[in-house]
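[1] What follows is a predicted protein model with its sequence.
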Amino acid sequence: PVLQSYNETGKMPVLQSYQFESLADLQANLTPPLCQQLLFEILPNLSLLDPACGSGAFLVAAMKTLINLYDTILASPTLTRPQRERVSGSPNLAYGIRKKIITENLYGVDIMPEATEIARLRLFLALVATARHVNELEPLPNIDFNIMSGNSLIGLLRIDEKRFQQLSLFNKSYRQLVNDKQTLIRAYQYSNSLQTDLRALRDDIQRQRQTAQTTLHELLRQDFQTLKIRFEEATWDTAKQKEGKPRKRDLTTTDLITLQPFHWGYEFDEILHERGGFDAIITNPPWEVFKPNAKEFLADFSDQISKNKMTIKEFEQVQTELMQDDTTRQAWLKYASSYPHVSLYFRSAPHFANQIAVVNGKQAGTDINLYKLFVEQCFNLLRPGGLCGMVVPSGLYTDLGTKQLRHMLFEQTEIQGLFCFENRKEVFEGVHRSFKFIVLSFAKGGKTASFPAAFMRHDVAELAIFPQEGALPISVNLIRQLSPDSLSVMEFKTALDVQIAEKMLKFPLLGEPLADTWNLQLNREFDMTNDSHLFRTAFSAGCLPLYEGKMMHQFDHRFGEPRYWVDETAGRKAILGKKEDNGQLLDYQGYRLGHRSIASSTNERAMIATILPHHVFCGNSLLVSKNDFLSLVNLVACVAILNSFVIDWLLRQKVTTNINMFYVYQLPVPRLTDLTGFKNLSGLVERAARLICTAPEFDDLARAVGLSGHAPLSAEMRARLRAELDGLVARLYGLTHEEFSHILSTFPIVSEEVKAAALAEFVTKNL
């Protein structure tokens with residue numbers, strides 16, 4: 001822990017800090033002056049927050065940590081018994097210390113009132129448990145204004161006192177108002193009077209809060225208005241039997257009250273205004289996507305709805321039937337109306353400036369996820385130098401939508417640790433065992449040049465020795481080289497991983513436009529939800545198959561059968577949009593590189609690519625190349641490299657479940673041509689083409705790359721050709737035997753025979 005003391009005004013931390021590696025280290029270095037400073041200056045002023053406290057598990061854990069800290073200091077022989085009793089304020093030392101911590105150090109907020117009630121109860125039970133006899137029990141601390149209910153993400157962080165004064169119903173200044181409130185709260189917290197007196201005092205505080213909140217809510221409404229956010233009421237088009245155009249109107253304070261705003265600047269004025277923020281934050285925030293979920297909502301109205309087993313068409317049919325009922329329809333419209341204005345606030349509020357990823361100067365479309373908002377809100381609530389520790393999904397360090405948050409963490413904080421673990425031991429019940437989480441810790445202020453990290457761990461008990469043991473330093477500069485557009489952090493596990501990645505960086509990233517060579521541009525064609533009206537479940541004349549990711553595998557376009565077909569005329573019209581159809585050639589009419597956009601780094605292979613036959617449409621689970629940039633020879637060569645173990649190894653250091661085009665663009669891939677000095681380009685292309693061209697629809701491609709036509713292959717021959725390709729690509733990147741062996745060892749699901757064959761071909765192939 002780093003312990004910092006406050007100066008005489010209590011407003012700013014002094015520059016001096018004390019760094020201890022452990023409680024034993026602290027105990028060994030205790031001196032009488034340091035004991036006095038810790039017990040009477042630093043610890044009483046320490047503010048620790050959980051802004052999504054739930055039932056208080058993290059607050060109870062924090063209390064135990066602080067108890068250990070107090071016990072270590074109080075065990076010092078330099079302290080006298082009167083000094084110890086002065087610290088606790090109670091003859092029962094253990095009870096007094098716990099009461100002191102609960103009252104002075106711990107703060108929590110949660111949107112569910114019942115959760116905060118449970119959190120207070122858990123703290124009280126931990127306190128009462130120290131009493132060995134009923135006579136040792138003392139009045140419980142009054143912490144109604146430490147653990148509070150409200151929406152941590154919506155509310156005023158700082159209060160503009162002039163604006164408040166202009167709208168206020170009070171005769172006092174805002175500063176007088178909050179000072180008076182704080183005086184009453186202290187009296188309430190430390191009162192030992194009768195319960196009736198306490199209730200009257202609490203009610204007096206609540207009346208002041210409610211009156212102040214009338215003004216605070218209006219200030220928040222004005223902030224929404226300044227951001228040009230209006231309420232969008234969902235409507236129903238009776239004629240079309242579907243949702244109509246939303247009805248927009250100005251927001252009212254009633255609209256905002258339903259959001260349960262929590263005005264941090266008012267409720268915790270002393271901490272945020274006088275001290276500059278909280279000293280420490282620990283939290284495990286929710287990670288739901290913030291948008292209407294029709295299946296989840298309507299599941300309460302019908303037993304037919306299943307989250308996972310219904311096709312789009314089946315759900316739409318049930319949804320249409322449910323919407324015929326007036327009660328269900330009105331409930332849905334009310335539910336749908338509760339999202340747009342809040343979503344716009346999260347996307348445009350100044351204190352949430354890092355929620356939208358900016359790539360190449362353009363905003364990248366992404367869903368709003370609650371954990372992303374909490375990461376930035378925690379940063380906002382910390383004082384300069386304050387520490388944050390949080391448990392969030394691993395998407396924070398990989399996903400494109402969290403790019404700006406990574407930029408914030410690299411440029412405005414000092415990351416102290418990033419520990420990633422899979423949910424194999426079901427730490428989180430009801431969450432898939434392959435889902436990954438991280439324990440992230442950072443200090444507000446400064447910059448991060450490198451940080452200790454550990455990835456793909458299965459036992460969270462390893463956190464006890466992290467980062468002293470089991471950590472790998474990750475350079476932010478290397479992150480910028482490997483992922484200049486997304487700043488995605490790669491899941492390196494050893495120094496050898498870093499060495500291999502640095503060697504691969506001698507080749508340009510695939511998304512970097514280069515002159516005098518080929519370039520790759522990827523595209524999405526049809527959205528499986530928004531374009532579902534185009535999809536037919538049976539073939540008819542004039543229709544083309546709709547390819548989905550699960551229909552293809554590496555070098556194999558026949559891995560699965562199509563579920564849907566699209567009328568070619570309607571498909572062309574959808575692709576062209578407002579452009580006129582003059583019979584021009586479109587991408588779907590030619591051969592295209594396609595890769596699955598949904599995969600996992602824990603699957604047998606993450607990158608799954610092939611060449612798609614001409615005259616097929618593609619859904620959004622397949623990303624496909626545009627035909628303007630590659631010859632067929634280069635198209636096949638690119639597929640050969642993308643399907644290699646080397647590229648797959650690098651890619652799975654970044655991805656979780658989605659391989660979007662930005663991840664592909666940030667792969668270092670040689671732009672092979674006959675002029676690049678790669679003598680065996682034809683050998684690479686010939687092998688890949690033989691794997692791909694196993695059906696008549698690939699005859700044109702086969703002849704274009706020097707084959708006579710399509711030809712079926714035995715399983716043994718396919719395995720041999722793939723092994724040869726992997727050996728060629730590994731040598732292309734200049735890997736050593738040790739490096740390629742290391743890469744192969746990271747594919748536990750791949751058979752040992754396949755890996756041995758690839759390594760053998762690596763040894764024999766000579767470029």
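    Here it is on my side, so go on. Residues are numbered from 1 along each chain as shown.

[2] buried residues in stretch 69-78?
    The neighbour-count check on stretch 69-78 (16 or more other C-beta atoms under 10 Å) flags Leu69, Tyr70, Thr72, Ile73, Leu74, Ser76 as buried. Every C-beta, even on glycine, is put in place using the N, C-alpha and C of the backbone.

[3] which of those residues lies closest to Lys573?
    Among the buried residues of stretch 69-78, Leu69 lies closest to Lys573 (C-beta to C-beta), at 68.8 Å.

[4] For the buried residues of stretch 69-78, please prepare TSV with the additional fields distance to Glu491 and secondary structure.
    Below are the buried residues of stretch 69-78 laid out as TSV (distance: C-beta to C-beta, whole Å; DSSP: H, G, I helix; E, B strand; the rest coil):
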residue	distance to Glu491	secondary structure
Leu69	34	helix
Tyr70	39	helix
Thr72	37	helix
Ile73	40	helix
Leu74	43	helix
Ser76	44	coil
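
[5] Met456 touches Arg424, doesn't it?
    No - using C-beta atoms under 8 Å as the test, Met456 is too far from Arg424 to be in contact (9.8 Å).

[6] Same drill for the two, tell me which one is more crowded.
    When Met456 and Arg424 are compared for neighbours, Met456 comes out ahead with 17 against 14, by other C-beta atoms under 10 Å.

[7] In which helix or strand does the more buried one reside?
    Assessed by DSSP states H and E, Met456 sits inside strand 450-457.

[8] how far out from the middle of the chain is whatever helix or strand comes next after that strand?
    On the C-terminal side of strand 450-457, the closest following helix or strand by DSSP H and E is strand 472-475. Strand 472-475 sits 20 Å away from the centroid of its parent chain (C-alpha atoms, centre = their mean, to the nearest Å).

[9] now do stretch 637-653
    Stretch 637-653 sits 25 Å away from the centroid of its parent chain (C-alpha atoms, centre = their mean).

[10] Report the buried residues of stretch 370-382.
    Within stretch 370-382, judged by 16+ other C-beta under 10 Å, the buried ones are Leu370, Tyr371, Lys372, Leu373, Phe374, Val375, Glu376, Gln377, Cys378, Phe379, Leu381, Leu382.

[11] of all the residues you listed, which two lie farthest apart?
    Across the buried residues of stretch 370-382 (C-beta to C-beta), the longest gap, 18.8 Å, separates Leu370 and Leu382.

[12] Which elements pack onto the lengthiest strand in the chain?
    As assigned by DSSP state E, the longest strand anywhere in the chain is strand 382-393. Applying 3 or more C-beta pairs under 8 Å, 6 or more residues apart in numbering; DSSP states H and E, one finds that strand 382-393 contacts strand 13-19, strand 278-283, helix 370-381, strand 436-444.

[13] and of those, who's closest to Glu243?
    That would be helix 370-381 among the helices and strands packed on strand 382-393, by C-beta to C-beta, at 24.7 Å.

[14] what's the strand holding Met456 packed up against?
    strand 413-422, strand 472-475.

[15] Just send these back as JSON lines, with mean neighbour count and distance to Leu125 too.
    Below are these laid out as JSON lines (neighbours: other C-beta atoms under 10 Å; distance: least, C-beta to C-beta, whole Å):
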{"stretch": "strand 413-422", "mean neighbour count": "21", "distance to Leu125": "29"}
{"stretch": "strand 472-475", "mean neighbour count": "17", "distance to Leu125": "41"}
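
[16] Nearest to Asp648, out of these?
    Closest approach to Asp648 among the helices and strands packed on strand 450-457 (C-beta to C-beta): strand 413-422, 18.8 Å.

[17] now the angle between strand 382-393 and that closest one, please.
    20 degrees (axes from the mean of the first three to the mean of the last three C-alpha atoms, to 10 degrees).

[18] From the contact counts, what lies against the top helix by length along the chain?
    If you go by DSSP state H, the chain has its longest helix at helix 195-226. Contacts defined by 3+ C-beta pairs under 8 Å, 6+ apart place helix 195-226 against helix 161-167, helix 174-189, helix 253-257, helix 264-267.

[19] Direction included, what does the following helix or strand past that helix pair against?
    Counting by DSSP H and E, the next helix or strand C-terminal to helix 195-226 is strand 231-233. Applying DSSP bridges, strand 231-233 is found paired with strand 247-249 (antiparallel).

[20] What average pLDDT does the strand it pairs with get?
    For strand 247-249, the mean per-residue pLDDT is 96.

[21] same deal with stretch 34-42?
    Rounded mean pLDDT across stretch 34-42 is 89.

[22] and that stretch, C-alpha only, in CSV?
    Extracted C-alpha coordinates of stretch 34-42, given in CSV (Å, rounded to 0.1, in the frame of the first residue of the first chain):
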residue,chain,number,x,y,z
LEU,A,34,4.9,7.5,12.0
CYS,A,35,2.5,5.7,14.3
GLN,A,36,1.0,9.0,15.3
GLN,A,37,0.7,10.2,11.7
LEU,A,38,-0.9,7.0,10.5
LEU,A,39,-3.4,6.7,13.4
PHE,A,40,-4.5,10.3,13.7
GLU,A,41,-3.9,11.9,10.3
ILE,A,42,-3.8,9.4,7.5
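
[23] next one: phi and psi at Ile465?
    Here is the backbone geometry of Ile465 (degrees, to the nearest 10): phi -110, psi 0.

[24] May I have the residues that are in contact with it?
    With C-beta atoms under 8 Å, 6 or more residues apart in numbering as the criterion, no residue contacts Ile465.

[25] Quick check: the gap between it and Phe451.
    To Phe451, Ile465 is 17 Å away according to C-beta to C-beta, to the nearest Å.

[26] In the stretch 51-200 of the chain, where is pLDDT below threshold?
    For the stretch 51-200 of the chain, the stretches with pLDDT under 70 are 136-137, 192-196.

[27] Let me see the ranges of the strands in it.
    Ranges of strands in the stretch 51-200 of the chain, per DSSP state E, counting those that start in this stretch, are 106-110, 147-149.

[28] Not counting its own residues, what contacts the first one?
    Spelled out, it's strand 106-110. Contacts for strand 106-110 (C-beta under 8 Å, 6+ apart): 47-54, 56, 59, 62-63, 116, 119, 123, 143, 146-150, 152, 262, 268, 271, 278.

[29] Parallel or antiparallel, list what pairs with that strand.
    As assigned by DSSP bridges, strand 106-110 forms pairs with strand 48-50 (parallel), strand 147-149 (parallel).

[30] Now tell me what touches the first one from outside.
    By C-beta under 8 Å, 6+ apart, the surrounding residues in contact with strand 48-50 are 56, 58-59, 62, 66, 105-109, 278-283, 381.

[31] What of stretch 315-324?
    Stretch 315-324 is contacted from outside by 236, 241-242, 294-295, 298, 301-302, 304-305, 310, 328-329, 332, 532, using C-beta under 8 Å, 6+ apart.

[32] Please identify which of these is nearest to Asp255.
    The shortest approach to Asp255 among the contacts of stretch 315-324 belongs to Trp332, at 18.5 Å (C-beta to C-beta).

[33] what helix or strand is the closest residue to that closest one other than its chain neighbours on?
    Leaving aside its chain neighbours, Trp332 sits nearest to Phe297 (6.6 Å; criterion: C-beta to C-beta, 6 or more residues apart in numbering). Following DSSP H and E, one finds Phe297 within helix 294-298.

[34] Name the residues of that helix that are buried.
    Using 16+ other C-beta under 10 Å as the test for burial, helix 294-298 gives Leu298.

[35] Can you tell me what sits against it?
    By C-beta under 8 Å, 6+ apart, the list of residues contacting helix 294-298 reads Ile305, Lys307, Met310, Phe315, Val318, Gln319, Leu322, Thr328, Trp332, Tyr335.

[36] my read: the last one touches Pro292, true?
    Yes - proximity of Tyr335 to Pro292 meets the contact threshold set by C-beta under 8 Å, at 6.5 Å.

[37] Now for the spatially closest residue to Ala115 that is not a sequence neighbour: which residues touch it?
    Nearest residue to Ala115, sequence neighbours excluded (C-beta to C-beta, 6+ apart): Gly54, at 5.1 Å. Residues near Gly54 by C-beta under 8 Å, 6+ apart: Asp110, Met112, Ala115, Ala119, Asn284.
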